[in-house]
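K.L.:
Okay, structure incoming, though there's no sequence with it:
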DNA sequence: TTGTAGGCGTTATCAG
DNA sequence: CTGATAACGCCTACAA
């Protein structure tokens, strides 16, 4: 009898477990895969043997036999930012509930994106891929398709691909309509594009326009500032807005981080939120509640779950046509917009 | 004939290539693995068939047969920082020269570290692992050993593991000795620990002590500031040092980023480098040359190469005892230390 | 309910 | 130098 190849520790195989449990290998396999008709007694014996030997099925053998590796990848930008963390957490949880393994690729810089996508597709040990807020370009798409990799987009969309997207236009619409209803007429937009590595407005501009149009208000382009997903960006944008001859009375920032930066700028200019300037953010990060920031809450958990579910469906190969799910966020009204709200303070805390 | 399992595209197998080339599968395999005795004519035929069919060996089948997956992982913190980028670049290059694939895990936060290490060891599709500036704890080490994964440390050391380490104490010694030789007697140390997720001094303090001891100088603990690897940290440390009653005349920062931050603080205080305060950094990042920063250059490329080589040796399983390689950096004298140096300026550029 | 055999795609061995 | 052939470890028919 030979030692299991180099892998280090001589491998425990399904045969060993079968021998130990006094059953055939097929039975062990059935137990492992919760597969069906195994008597309770046998199952227990097998499980015991399994534990005693510390058996772990060989991924390679399994992959060869099944034609699938049982491993998926998730490509996520900016691991540190709330939205991505939340989505990824949901993805991890949902994946854990399946028999798939997840490998996470964190993309903090543009260059890494290419590298990660390349290495993921070239290697050939992934069945499927989830990308968050990243839509691969045509070349990447071709490579992915050629390698037989199933791709599902989370917070992004492409006509030929399955994906979960968020109706950011609708979220922006809710936010801006809220401000309009509070009587604001000059509402600034501090934008954020779709692609996390860009600058620009993205679909939030559309919601902004729609909310204004509903109220028969014109869009004043001097109130539109494109930025990126950061506090500093929000601060700068706000500083610019404050120099305007005719200042806005409210601002919708396309991310909470930007909203927080904007509020800093507002306070430094000696103005008050919401009395002088109402502020609404987007994402509902943890700090938002603490700061009383009115914002739009996104269904991050649902997005992650559905993303995994769609990928599982793609892997099962049942359906051919891509499925695209569209989700909506909800407005969370707090102090910074100056809207009507009920604050539940314990009576003792009142001054 | 059945379609290759779900993988998507029906798989081209080695048999197909063999058929197309009119040879046996074994021969194709030999060609693919540059294995030896194949006639030039046959080799060409096989390669042609290979190209025409776009054949890619199945990783799973190969892994099963060989007992090794041919994939290694590299766990690297702070992908954006010069030192890690350089080491990783070398690792990638060295890996490309072998028949191994590399999967990179970027660790930007403490929590990710655990996750990455866990997923990497649990999954079982990696033959080996390289960690940069990260020494796994005992529990992690056990898990790694148990999974038969070969581990090699880059810029870190452990008695039981192979690894390449840098003699940071020696690098610090060179830097501080340089300052001592220039006549400085009050030399501050802005420290940096070994573990990128800590705060502290690390081995650089030892080199600092040694250089001072050589010159019979005492260590003044008020000149020792612990910090982390960032510009801001260096700035703060320097601001503190500048408030001292008896100011230092020179400072050795344990990273260039910290040195740059320190220089900013010095200039903001209205002082000049190197006239009022000499500065030496560590790492030789690109900016260092631009700023004329005297610093210690580390053999990043060599570290990456050797790391990969050590891992390959471990995988080959030839040697049992861990091999540990110790490397040294070199001092690069530029303007900020005020040392004697020759600047090669084109004559025309002189004022 | 359970054991057995065949084969997934590759590579190593053994004849020729 | 090259072609068959037998594993690698697992899963899934098929047979019992």
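P.N.:
That came through, no problem. Only a predicted model underlies this, so the values are computations on that prediction, with no experimental measurement involved. Numbers count the residues shown, from 1 in each chain, chains lettered A, B, ... in the order given.

K.L.:
Show me the strands in the stretch 51-200 of chain A, by range?
P.N.:
A:71-77, A:101-107, A:128-132, A:150-154, A:162-166, A:187-190 (DSSP state E, counting those that start in this stretch).

K.L.:
Following the chain onward from the last one, which element is next?
P.N.:
Stepping forward along the backbone from strand A:187-190, the first helix or strand reached (DSSP states H and E) is helix A:204-214.

K.L.:
helices or strands next to the following helix or strand past that following helix in the packing?
P.N.:
Moving toward the C-terminus from helix A:204-214, the next helix or strand (DSSP H and E) is strand A:224-225. The contact analysis (3 or more Cβ pairs under 8 Å, 6 or more residues apart in numbering or on different chains; DSSP states H and E) places strand A:224-225 against strand A:187-190, helix A:231-242. For glycine as for every other residue, the C-beta is placed from the backbone atoms N, C-alpha and C.

K.L.:
so which of the strands of the stretch 51-200 of chain A gets nearest residue A:176?
P.N.:
Nearest to residue A:176 among the strands of the stretch 51-200 of chain A is strand A:187-190; the distance by Cβ to Cβ comes to 6.1 Å.

K.L.:
Contacts for that closest one, please.
P.N.:
Residues outside strand A:187-190 that contact it (Cβ atoms under 8 Å, 6 or more residues apart in numbering or on different chains) are A:172, A:176, A:179-180, A:201, A:204-205, A:208, A:212, A:223-225, A:227, A:233-234, A:237-238, A:241, A:248-254, A:258-259, A:262.

K.L.:
now for the lowest-mean-pLDDT helix or strand in chain A, which elements pack on it?
P.N.:
None of the helices or strands of chain A scores lower by mean pLDDT, DSSP states H and E than helix A:110-123, at a mean of 84. Other helices and strands packing on helix A:110-123, by 3+ Cβ pairs under 8 Å, 6+ apart, are strand A:71-77, strand A:101-107, helix A:138-146, strand B:101-107.

K.L.:
what residues are up against the residue in the stretch 101-250 of chain A that DNA strand C sits nearest to?
P.N.:
The stretch 101-250 of chain A approaches DNA strand C most closely through residue A:124 (10.1 Å), counting by Cβ to the nearest atom of the strand. Counting by Cβ under 8 Å, 6+ apart, residue A:124 touches A:147, B:56, B:58, B:59.

K.L.:
Tell me the most packed of those, by neighbour count.
P.N.:
residue B:58 (22 neighbours; other Cβ atoms under 10 Å in any protein chain shown).

K.L.:
looking at it, that residue is touching residue A:64, isn't it?
P.N.:
Yes: counting by Cβ atoms under 8 Å, residue B:58 touches residue A:64, with 7.2 Å between them.

K.L.:
What residues of the longest helix along chain A count as buried?
P.N.:
Across chain A, the longest stretch assigned as helix under DSSP state H is helix A:300-316. Using 16 or more other Cβ atoms under 10 Å in any protein chain shown as the test for burial, helix A:300-316 gives A:300, A:303-312, A:314-315.

K.L.:
do it and DNA strand D meet?
P.N.:
No: using Cβ under 7 Å from any atom of the strand, helix A:300-316 never reaches DNA strand D; the gap is at least 12.6 Å.

K.L.:
Count the residues that sit near residue A:292.
P.N.:
The burial count for residue A:292: 14, using other Cβ under 10 Å.

K.L.:
Once you drop chain neighbours, what's closest to it?
P.N.:
residue A:335 (3.5 Å; Cβ to Cβ, 6 or more residues apart in numbering or on different chains).

K.L.:
What degree of burial does that neighbour show, as a neighbour count?
P.N.:
Residues near residue A:335, counting by other Cβ under 10 Å: 16.

K.L.:
From what I see, it and residue A:274 are in contact.
P.N.:
Yes: using Cβ under 8 Å, residue A:335 makes contact with residue A:274 at a distance of 6.8 Å.

K.L.:
Quick check: the residue most central in space within chain A vs DNA strand C, distance?
P.N.:
With distances taken as Cα atoms, centre = their mean, chain A has residue A:87 as the residue nearest its mean C-alpha position (3.2 Å). From residue A:87 across to DNA strand C, the span is 35 Å (Cβ to the nearest atom of the strand, to the nearest Å).

K.L.:
and the gap between that residue and residue A:96?
P.N.:
For residue A:87, the distance to residue A:96 (Cβ to Cβ, to the nearest Å) stands at 15 Å.

K.L.:
pLDDT score for residue A:347?
P.N.:
Predicted confidence (pLDDT) for residue A:347: 42.
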